[in-house]
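**Student:** sequence and predicted structure are below.
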Amino acid sequence: MGWVAIVGGDHGVVRASLPEASPSSALDAVQPEIGVAVHTPEQHIDSRVLITAFCAGEPVDLTDIPIDTRDVSPFFKKAWEACRSIPSGQTRSYRWLAEQAGNARAARGAGQAMARNKLALLVPCHRVVSSSGELHGFGGAGLPLKSRLLAMELGR
């Protein structure tokens, strides 16, 4: 699937990249947090093992990985929590996400929460689609990766 970089702290993972073509592009994707991080590969080993298994197509639950959302707005935090509740291989709409976050009329706000998701794969924004079921937006990786992740989850 590619290289994934994570930056963790005492309260969980604070940033994670999508699968990237190289280690350097994965590290670039976790800026600015990586610039102030201390490299301690032995920390968050469980998270690394789960992410590696997920990217290999194994049926693992990434919601077991703690995430640090202390610097996130309450709406985004609720949207990210709702997104994490979407079962693997299933999708939900931006409207559903907005409803779960407490404002049914804030589908665009839910879209912004996914667009600003700095915890790729751990907050599985690839599972959020338009109300018609079409794939929309997916960071720098684009729709091909979003489609690939969903197909991988369905094939488990």
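**Tutor:** Looks like it came in fine. Numbering: from 1, shown residues only.
**Student:** what sits against the residue positioned nearest the centre of the chain?
**Tutor:** For the chain, Ala120 is the residue whose C-alpha lies nearest the centre (C-alpha atoms, centre = their mean; 2.5 Å). Ala120 sits next to Val4, Ala16, Ser17, Leu18, Gly139 when contact means C-beta atoms under 8 Å, 6 or more residues apart in numbering. For the C-beta atoms, the positions are set from N, CA and C on the backbone; glycine is no exception.
**Student:** before we move on, what about Glu33?
**Tutor:** By C-beta under 8 Å, 6+ apart, the contact list for Glu33 reads Val7, Val14, Arg15.
**Student:** from these, which ones fall inside helices?
**Tutor:** Using DSSP state H, no member of those sits in helices.
**Student:** nearest to Pro74, of these?
**Tutor:** Nearest to Pro74, judged by C-beta to C-beta, of the contacts of Glu33 is Val14 at 17.8 Å.
**Student:** could you give the average pLDDT over the helix or strand where Glu81 lies?
**Tutor:** In this structure, Glu81 is located in helix 74-84 according to DSSP states H and E. Helix 74-84 carries an average pLDDT of 97.
**Student:** give me the nearest residue to Ile86, chain neighbours excluded.
**Tutor:** Excluding the flanking residues, the one nearest Ile86 by C-beta to C-beta, 6 or more residues apart in numbering is Arg127, at 4.4 Å.
**Student:** which of the contacts of Glu33 fall within strands?
**Tutor:** Those of the contacts of Glu33 mapping onto strands are Val7, Val14, Arg15, per DSSP state E.
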